[in-house]
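> The following block contains a protein sequence and its predicted model.
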Amino acid sequence: MSSAPVRPDPTAEPSTDDEATAFVDLGLRDELLAALAALGYEEPTPIQREAIPPLLAGRDLLGQAATGTGKTAAFALPLLQRMPADRLTADPVALVLVPTRELAVQVSEAFHRYGKELGTRVLPIYGGQPIGRQLRALDAGVDIVVATPGRALDHIARGTLRLGDVGTVVLDEADEMLDMGFAEDIEAILEHAPEQRQTVLFSATMPARIDGMARAYLTDPIRILIAREKPVAGEAPRVRQSAYLVARAHKPAALGRVLDVESPTAAIVFCRSREEVDRLTETMNGRGYRAEALHGGMSQEQRDRVMGRLRAGTADLLVATDVAARGLDVEQLSHVVNYDVPSAPESYVHRIGRVGRAGREGVAITLAEPRAHRMLKTIERVTGQRITIDKIPTVADLRNRRLELTQAALRESLLEDDLEPFRVIVESLSDEFDLMEVALAAVRLAHEATLPGALEEEEEIPQIAVRPPRTGRPGHEGRGERRPGRPRSAGTTQVFVGLGRRAGVRPQDLVGAITGETGMNGRDIGSIEIADRFSLVEVPAGLADEVISGLRGSTIKGRRATVRRDRDTDGGDRRRQPR
């Protein structure tokens, strides 16, 4: 006889104790409190304080909070608290859906850390991992499944993931999942889950389609909005946001110059395509940074090695595409750099949410081409936060910064190092030279040893003045803008994919495949035409080769397809496909 699944209690009322300042005030069990204490967690974050009581009471919940605010613990702790003891059934009682494999692993690890004393069986399932291992684990029995939508639906179709006992479904980073084309997959999964369930939805942003999903699948939900903390008067903001206007040709040099001045502990640089990631990684390594590339063309083993080097401190710069970097959490990260202005404010919000966590300060930098200046203003308007336009550091600025670093290193040595063994050298030289001259020579040697690379060959990067935006007629978009998610026809091309309606291909399948295999955002994809035996997808012309390469190396609906530029787009004659 199987134990009863975790079901919400419709008569329960959420806690109204707004004064809870410690985890013990939230009524968590001793095993969870001990695990949190061992991890060094002293008090709940705002999202945890607001979300845990109603989730413990079984209420549906819609929560908006930025990345890094503690959302994982906000839903993980109630799930672990309500886990039935001595379960006999093999099927899960909770399902957590996340957009990427990295986030699936991260959330699964969090469940293990919090629930290690409870013996809870947690399984991450995602693409890129041998499915045989997942099948064996599901057959042996699990309590909580953390899955990407595509792989979850695959297991449901196979009959290996049974949702009959599921009492709670969590949609984490819901806006990211919709951006990646998972809307219909999520709907199909929810249709397989019991109707009487607790449904929890977390999102960093709250576009209309998220609100629509909440109305369709959540029952009388508690709504929580955790606003980004505003700096107190006279206090520096947690995330310093700035932008530099720079021409495309000067971007690699500008990035190196800015990072030289900023001296980040660790940084992520976001690029649009795999090719750009590889080129920029090589450039930054040549400049002396320990840079690593991360994009969809790498195997999971390669990605794990890169992240291991970043977390171990043997790499200090990660150059990545948006899709590849989703779900990453690097504790020592101090800087996030947008190599291009993100195509949507939501992407900007997700990116900069990776710094300024847990009270630490962070820096968000954007390299904007002049034509993208208007998009910066849009991001400011949507986020309600100021992005300062700074001047690109000059060679003189860089020289002064290097001198400051040398001075700081010398100060640290004077305060902490044992310098006595070197006294004899200074004393012997002071008989022949002035003591100041001895010190100057030592400083010069230290400066050249710790900061190699002459600045004489550095060229000045042209400064671009900020021009006031043109104003159009009221109610009309100004020139140079386009609606997010709908690229212009100019500057785009169509990609032919040799699968269509007969193969069960839907628009979201094509969007998901493209965003999963390239650095593109779903909003960069234009019109999609699906015929019986082929499909045409409009993409930016400069990214067409990357899209073709990515789709040729992947499957759509479990099948490989012929992928090429559409001949009609290139001025040729596309042969009629059978319809």
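Great, that's in hand. Residues are numbered from 1 along each chain as shown.

> Can you tell me how far Glu117 is from Asp30?
Distance, Glu117 to Asp30, using C-beta to C-beta, to the nearest Å: 9 Å. Heads up, the C-betas are built off the backbone N, CA and C, glycines and all.

> Settle it for me: which of those two has more neighbours?
Neighbour tally, Glu117 and Asp30, criterion other C-beta atoms under 10 Å: the higher count belongs to Glu117, 14 against 9.

> Could you check the pLDDT of Ser108?
Looking at Ser108, its pLDDT reads 93.

> could you list every residue that touches it?
Ser108 is in contact with Val122, Leu123, Pro124, Val146, counting by C-beta atoms under 8 Å, 6 or more residues apart in numbering.

> could you redo the last one with a cut-off of 10 Å?
The contact partners of Ser108, taken as C-beta atoms under 10 Å, 6 or more residues apart in numbering, are Ala76, Val96, Val98, Val122, Leu123, Pro124, Ile125, Tyr126, Ile144, Val145, Val146, Ala147.

> Of all those, the one with the weakest confidence?
Comparing pLDDT over these, the lowest score belongs to Tyr126 (87).

> my guess is that residue contacts Gln134, does it?
Yes. Using C-beta atoms under 10 Å as the test, Tyr126 is close enough to Gln134 to be in contact (8.7 Å).

> any common contacting residues for those two?
Shared contacts of Tyr126 and Gln134 (C-beta under 10 Å, 6+ apart): Ala147, Arg151.

> ok, so of the contacts of Ser108, who is nearest Ala208?
Nearest to Ala208 out of the contacts of Ser108 is Val98 (C-beta to C-beta; 22.2 Å).

> That closest one - how many residues pack around it?
Counted by other C-beta under 10 Å, the residues lying close to Val98 total 29.

> Check Gln494 too.
The burial metric for Gln494, expressed as a neighbour count using other C-beta under 10 Å, is 23.

> What's opposite it in the beta bridge?
Following DSSP bridges, Gln494 is listed with bridge partners Glu538.

> and it, how far is that from Arg523?
Relative to Arg523, Gln494 is positioned 18 Å away (C-beta to C-beta).

> Ala320 too?
To Arg523, Ala320 is 18 Å away according to C-beta to C-beta.

> In terms of neighbours, single out the busier of the two.
Set side by side, Ala320 and Arg523 give different neighbour counts by other C-beta under 10 Å, the larger being at Ala320 (24 against 20).

> What is the three-state secondary structure of that one?
The three-state assignment at Ala320 reads strand, by DSSP: H, G, I helix; E, B strand; the rest coil.

> need the contact list for it.
Ala320 makes contacts with 268-271, 274, 277, 281, 292-296, 303, 306, 326, 328, 519, as judged by C-beta under 10 Å, 6+ apart.

> mind listing which of those are in helices?
Applying DSSP state H to the contacts of Ala320, the entries found in helices are Arg274, Val277, Thr281, Arg303, Val306.

> Could you identify which of the residues you listed has the most neighbours?
Using other C-beta under 10 Å as the neighbour test, the ones in helices among the contacts of Ala320 are led by Val277, with 28 neighbours.

> for that residue, what are its contacts?
Taking C-beta under 10 Å, 6+ apart as the criterion, Val277 is in contact with 269-271, 291-298, 318-321, 324, 339, 519.

> same thing but 7 Å
If you count contacts by C-beta atoms under 7 Å, 6 or more residues apart in numbering, Val277 has them with Cys271, Ala293, His295, Val319, Ala320, Thr321.

> Test of understanding: give the bridge partners of the fifth one.
When bridges are taken as DSSP bridges, the partners of Ala320 come out as Phe270, Leu294.

> Next one: it from Gly362, what distance?
When C-beta to C-beta is applied, the distance between Ala320 and Gly362 equals 17 Å.

> repeat for the second one
In this structure, Ala293 and Gly362 are 22 Å apart, going by C-beta to C-beta.

> So between these two, which is more surrounded?
Using other C-beta under 10 Å, the more surrounded residue of Ala293 and Gly362 is Ala293, with 25 against 21.

> Surely that one is in contact with Arg279?
No. Ala293 is not in contact with Arg279 according to C-beta atoms under 7 Å; the separation is 9.6 Å.

> Relative to Ala344, which of the contacts of Ser108 is nearest.
Of all the contacts of Ser108, Val98 has the smallest distance to Ala344: 20.0 Å, by C-beta to C-beta.

> Tell me which stretches of the stretch 301-450 of the chain form strands.
Secondary structure of the stretch 301-450 of the chain, counting by DSSP state E, counting those that start in this stretch: strands at 317-321, 335-338, 362-368, 388-390.

> tell me the most buried of those strands?
Greatest average neighbour count among the strands of the stretch 301-450 of the chain goes to strand 317-321 (a mean of 26), per mean count of other C-beta atoms under 10 Å.

> Any idea how many residues pack against the residue lying closest to Arg501 once chain neighbours are set aside?
The spatial neighbour of Arg501 that comes closest, neighbours along the chain excluded (C-beta to C-beta, 6 or more residues apart in numbering), is Asp532 at 5.2 Å. By other C-beta under 10 Å, 11 other residues sit near Asp532.

> Tell me, domain by domain, which residues of the chain belong where.
The record, using automatic domain parsing to delimit domains, assigns the chain the ranges 23-225, 239-395, 492-565.

> How far does the second one sit from its chain's centre?
By that I understand domain 239-395. In terms of C-alpha atoms, centre = their mean, to the nearest Å, the centre of domain 239-395 is set 11 Å apart from its chain centre.

> For that domain, measure first residue to last.
Across its full length, domain 239-395 reaches 26 Å end to end, with C-alpha to C-alpha, to the nearest Å as the criterion.
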